[in-house]
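Trainee: Prediction below, plus the sequence it came from.
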There are 2 protein chains.
Amino acid sequence: MATRRDPGTANRVLDVAERLVQVRGYNAFSYADVAAAVGVQKASLHHHFPGKADLGAALVARYHRAFFDELHAMTAKTRAPAARLKRYVAVYGSVLRRNRMCLCGMLASDVATLPKAMREGLQRFFAENEIWLRGVLEEGRERGELRFDGPAAPVASFIVSSLEGAMLVARGSGKLDRFDRVAERLLDVIGARRRS
Amino acid sequence: MATRRDPGTANRVLDVAERLVQVRGYNAFSYADVAAAVGVQKASLHHHFPGKADLGAALVARYHRAFFDELHAMTAKTRAPAARLKRYVAVYGSVLRRNRMCLCGMLASDVATLPKAMREGLQRFFAENEIWLRGVLEEGRERGELRFDGPAAPVASFIVSSLEGAMLVARGSGKLDRFDRVAERLLDVIGARRRS
DNA sequence: GTCTATAGGTGGATAGAC
DNA sequence: GTCTATCCACCTATAGAC
């Protein structure tokens, strides 16, 4: 374990910065905010992440990894495509319940001001989401669990858009429970929810 | 017309600031940016809008008015609820085609950093959107033009969420045409689009 | 790896002349 | 209503000691 990197400060910096971005946005958090919350000086942050762009890119990369690790772990335990979809929706809901926006949804709003590496990270995140969803949708339709017309790809785009938008508007309108009603309706539309 | 206010600088300031917020976000534009684009000094802006919070609140109020003026004008000319829905979706599309996010969708992402007056303006905007949509949805279902289960209110929430999210993700993923496919799917779901 | 100190720039905002 | 001049707080970033 000689080559193991310090799991200490760098990770704590990422934890704090991630929360700040998800709550306030990329252009509304500073090294000073992060340093204060972590309990170090601003200069120490620059040792781990030379510039804000580096920190931002690391945030996107880590979020991407964590998101799909969770997704793939869930997929391994959950057979039925309809159940997978419900759990996928629940992942977004659990982020919102902590008063946060999806990291990449938040950064999507800041896209015009982001360094290139972060923009590319965003594109990969959304693209990979839709690939995963396409698989679930196609399998679900074959099994007769889900129903939708035409190719699965645009339906996957539709699901990502609706969930990101539901988080965005729930936070913006000050009514977090709005998300649950929208998510329910979304699952209904794909046929993933039994009629009550 | 003696009491008519100057339609000059103040409106040009609002035009420029609106564009900057829609493209970059509330925390990524400055009085310096606006002043440079309008062709005046920063101090002049403070004469019309004492602080950034005042400018922001004026932006939300003006956007709200303009949005619903357009909506009500359209409603007066368009009888069929299904056609109204299509035009409603097209309004969002026309904003995106100018490489902008919906002003209130953009501000929704910045909600944690906004002054109270702006937050309240956002809530009113989304609430009124859903009231308008509810009317269209209920009339459309009565006429047999639209189809959906249960009360219209959650469907209205669903539509707003999907459209805001479609704009957000289209910009964030760098594929603006994504919006059109999502919008099409959305109209399909409500039954507003004939099968091709 | 963390600190102090500081640089150089930009943020929103004000005073007061014209 | 617009200008010049200025304030001070905060921003990202760097140098160099420990």
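Mentor: Yep, that arrived.

Trainee: Now do A:Pro154 against A:Ala192, distance only.
Mentor: When C-beta to C-beta, to the nearest Å is applied, the distance between A:Pro154 and A:Ala192 equals 17 Å. From N, CA and C alone the C-beta is placed, and that goes for glycine too.

Trainee: and those two? which has more neighbours close in?
Mentor: Using other C-beta atoms under 10 Å in any protein chain shown as the criterion, A:Pro154 and A:Ala192 rank with A:Ala192 on top: 23 against 20.

Trainee: In chain A, where is pLDDT below threshold?
Mentor: Applying pLDDT under 70 to chain A flags residues A:1-7, A:194-196.

Trainee: Show me what whichever strand or helix holds A:Asp180 is packed against.
Mentor: Secondary structure assignment for A:Asp180, by DSSP states H and E: helix A:178-190. In this structure, helix A:178-190 packs against helix A:81-97, helix A:152-173, helix B:152-173, with contacts taken as 3 or more C-beta pairs under 8 Å, 6 or more residues apart in numbering or on different chains; DSSP states H and E.

Trainee: Report the buried residues of the second one.
Mentor: Taking 16 or more other C-beta atoms under 10 Å in any protein chain shown as the basis for neighbour counts, the residues of helix A:152-173 that come out buried are A:152, A:154-173.

Trainee: which ones are touching the residue nearest the centre of chain A?
Mentor: Of all residues in chain A, the one closest to the mean position by C-alpha atoms, centre = their mean is A:Cys102, 4.2 Å from it. Taking C-beta atoms under 8 Å, 6 or more residues apart in numbering or on different chains, we find A:Cys102 in contact with A:Gln22, A:Tyr92, A:Val95, A:Leu163, A:Glu164, A:Met167.

Trainee: which of those lies closest to B:Asp15?
Mentor: Distance to B:Asp15, by C-beta to C-beta, is smallest for A:Glu164 among the contacts of A:Cys102, at 28.4 Å.

Trainee: wait, what's in contact with the closest one?
Mentor: For A:Glu164, the contacting residues are A:Tyr92, A:Cys102, A:Gly105, A:Ala108, B:Gly165, B:Leu168, B:Val169, by C-beta under 8 Å, 6+ apart.

Trainee: need the residues of chain A near DNA strand D, please.
Mentor: For chain A, the residues in contact with DNA strand D (C-beta under 7 Å from any atom of the strand) are A:Phe29, A:Ser30, A:Tyr31, A:Ala32, A:Asp33, A:Lys42, A:Ala43, A:His46, A:Pro50, A:Gly51, A:Lys52, A:Ala53.

Trainee: For the residues you listed, give me CSV that also has secondary structure.
Mentor: Listed next are the residues of chain A next to DNA strand D as CSV, based on DSSP: H, G, I helix; E, B strand; the rest coil:
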residue, secondary structure
A:Phe29, coil
A:Ser30, coil
A:Tyr31, helix
A:Ala32, helix
A:Asp33, helix
A:Lys42, helix
A:Ala43, helix
A:His46, helix
A:Pro50, coil
A:Gly51, coil
A:Lys52, helix
A:Ala53, helix
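
Trainee: which of those lies closest to B:Arg147?
Mentor: A:Phe29 (44.9 Å).

Trainee: pretty sure that closest one contacts A:Val21?
Mentor: Yes: look at A:Phe29 against A:Val21 with C-beta atoms under 8 Å: they come within range, at 6.1 Å.

Trainee: Pull stretch A:123-130 out as CSV, backbone CA atoms only.
Mentor: C-alpha atoms of stretch A:123-130 as CSV (Å, rounded to 0.1, in the frame of the first residue of the first chain):
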residue,chain,number,x,y,z
GLN,A,123,-21.6,15.5,-22.1
ARG,A,124,-20.2,12.1,-21.1
PHE,A,125,-22.4,11.9,-18.0
PHE,A,126,-25.6,12.6,-19.9
ALA,A,127,-24.7,10.3,-22.8
GLU,A,128,-23.9,7.4,-20.4
ASN,A,129,-27.1,7.9,-18.5
GLU,A,130,-29.1,7.6,-21.7
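
Trainee: buried set for that stretch?
Mentor: Across stretch A:123-130, burial judged by 16+ other C-beta under 10 Å covers A:Gln123, A:Phe125, A:Phe126, A:Asn129, A:Glu130.

Trainee: where does the third one land in three-state SS?
Mentor: The one in question is A:Phe126. helix.

Trainee: Enumerate every residue touching A:Ala156.
Mentor: If you count contacts by C-beta under 8 Å, 6+ apart, A:Ala156 has them with A:Asn129, A:Glu130, A:Ile131, A:Leu133, A:Arg134, A:Leu137.
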